[in-house]
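1. got a predicted model here, sequence first, then my questions.
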Amino acid sequence: MLPALTARGWSCQLGLTAGRFCDPGSYLTSNSWQNVTIIHNRSGTREGRIRSILGTLKYERPEFLVVINTPDAYIAASRIKKNRPKVIMALHGIEPQFYRDIETYGAVIDAVVVPSRLALHLVNSITGYPAHRAYRIPAGVDLRNVQITSPVKPLHIVYSGRLAEDAKRVQDIPPILRQLDRWGVDYEMTIAGDGPMREWLQSQLEAVDGKVRFLGTLSKAALFEKVYLPGRVLLITSERETGPLVAWEAMSAGMAVVSSEYTGLRAENVLQHASNSLIFPVGDHPAAAKALQLSQKDELYLAMANSGLQLARESYSIELMSDRWSELLGSLTQLTMAEGGRISFDHPPDGRLARWLGHASAEWLRVATQRSYAHISAGGEWPHSYSSHELTEKYLQAIASASA
């Protein structure tokens, strides 16, 4: 999206956090962009994260700060007393902790942008955030010249995304394939992505060795070159989604989509059974296998692929998404800023130095003596949220009402 915004007259600087587990180089290999600021935390502490972002903001002096899963940026922005950038929270998930972040940092957030109707409903119903500052801008995909074809033989199934057990439910893939085997359905499968379930998934699929290929994490260009190809079928097994972007990508490539009835599907009201996709209940392995089998009927496949391609072109292009972002940024230049007062921030001491000396002196001493806390995970190095993951009754009711 950054090239498209630049073409619309916006000067865009990409800030990437760096550390032992956060590798900007790896990201830029798959997502090329020239105007990049690398943000290092030299002390490894939370106060260090805040100060590193604050230093970047004071140096760059942006008009807007778009924050994605970096809550320390809100505290950093709140410490700027003069010419604070307008802060936009770009929220791509529906997990409860992110909506608690809105409650916590709402005083410094000037706008919240989400990609789905479900996420917008959650913002408006459980956070107390002003509705006129919350916006829905669906994610977009690059459009390509595509020639729709009949389904390839044998059935070629594609899974693209994070290999995780929670929301993605990749544990459903082996029993779905075993069901196809029992029915004598000939198939191949390509899995693009990585995550904590990769080794488990590979071990579970040893019995179908040769039918399933694991390609790991691919660049966007490689996905469209090697994975998203006409005649194939995208399989989505998720329990919840905020798009999903992979569906729009597959549709833009002329593929058919077979998807679980994930939380968020009804609220978005875009994937339509037997029209642009085939839908099965979450976790229903026989129903998923049956949908994959049905997708091989030429007439149905061609209808779904054509309908999906039209949907991607009309509603989910990068150009349309960039137009919406550009319009939003233009409107926000006239919007009165959020309260913006310095957020009361009291977090536990980052180790003994902070307990003895306080945060400011401890940070100075850590940096001066090059004493940095060594994190053991990406979540500790640059947390995506500090809020509770608890599924409260209020949250569950909001999810249920949007999915009814």
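-> Happy to help now that I have it.

2. wait, residue 38 touches residue 13, no?
-> No: with contacts counted by CB atoms under 8 Å, residue 38 stays clear of residue 13, the gap being 11.3 Å. Yep, even glycine has a C-beta here, placed from its N, CA and C like the rest.

3. which of the helices or strands spans residue 157?
-> Following DSSP states H and E, one finds residue 157 within strand 155-160.

4. sheet-wise, list the partners of that strand with their directions.
-> strand 187-192 (parallel), strand 233-236 (parallel) (DSSP bridges).

5. deepest in the core, which of the ones you listed is it.
-> Most buried of the strands paired with strand 155-160, by mean neighbour count (mean count of other CB atoms under 10 Å): strand 233-236, with a mean of 26.

6. which one of the strands paired with strand 155-160 lies closest to residue 376?
-> Closest approach to residue 376 among the strands paired with strand 155-160 is made by strand 187-192 (27.8 Å; CB to CB).

7. helix, strand or coil for residue 15?
-> Secondary structure for residue 15, judged by DSSP: H, G, I helix; E, B strand; the rest coil, is strand.

8. mind checking pLDDT for the residue nearest to it when sequence neighbours are not counted?
-> Among residues not flanking residue 15 along the chain, residue 37 sits closest, at 4.8 Å (CB to CB, 6 or more residues apart in numbering). Per-residue pLDDT puts residue 37 at 95.

9. just the CA atoms of the helix or strand encompassing residue 37, as CSV, please.
-> Residue 37 belongs to strand 36-40 when assigned by DSSP H and E. Taking Å, rounded to 0.1, in the frame of the first residue of the first chain, the C-alpha atoms of strand 36-40 are listed here in CSV:
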residue,chain,number,x,y,z
VAL,A,36,12.7,2.6,6.3
THR,A,37,13.6,3.5,9.9
ILE,A,38,14.9,0.7,12.1
ILE,A,39,13.9,1.0,15.7
HIS,A,40,16.3,-0.6,18.2
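
10. helices or strands up against it?
-> Applying 3 or more CB pairs under 8 Å, 6 or more residues apart in numbering; DSSP states H and E, we find strand 36-40 packed against strand 14-18, helix 24-30, helix 46-60.

11. which parts of the stretch 101-250 of the chain are helices?
-> Using DSSP state H, counting those that start in this stretch, the helices of the stretch 101-250 of the chain run over residues 117-126, 173-182, 198-204, 220-222, 245-252.

12. returning to what we had before: contacts made by the strand holding residue 157 with the rest, please.
-> Strand 155-160 is contacted by residues 170, 173, 180, 185-193, 223, 227-228, 231-235, 237, 246, 249-250, 255, 292-293, 295-296 when judged by CB atoms under 8 Å, 6 or more residues apart in numbering.

13. state the distance from residue 362 to residue 383.
-> Taking CB to CB, to the nearest Å as the measure, residue 362 falls 19 Å from residue 383.

14. next: residue 390.
-> 17 Å.

15. swap in residue 266?
-> 32 Å.

16. ok, now residue 70?
-> 8 Å.

17. check residue 301 too.
-> For residue 301, the distance to residue 383 (CB to CB) stands at 44 Å.

18. this completes my enquiry, with thanks.
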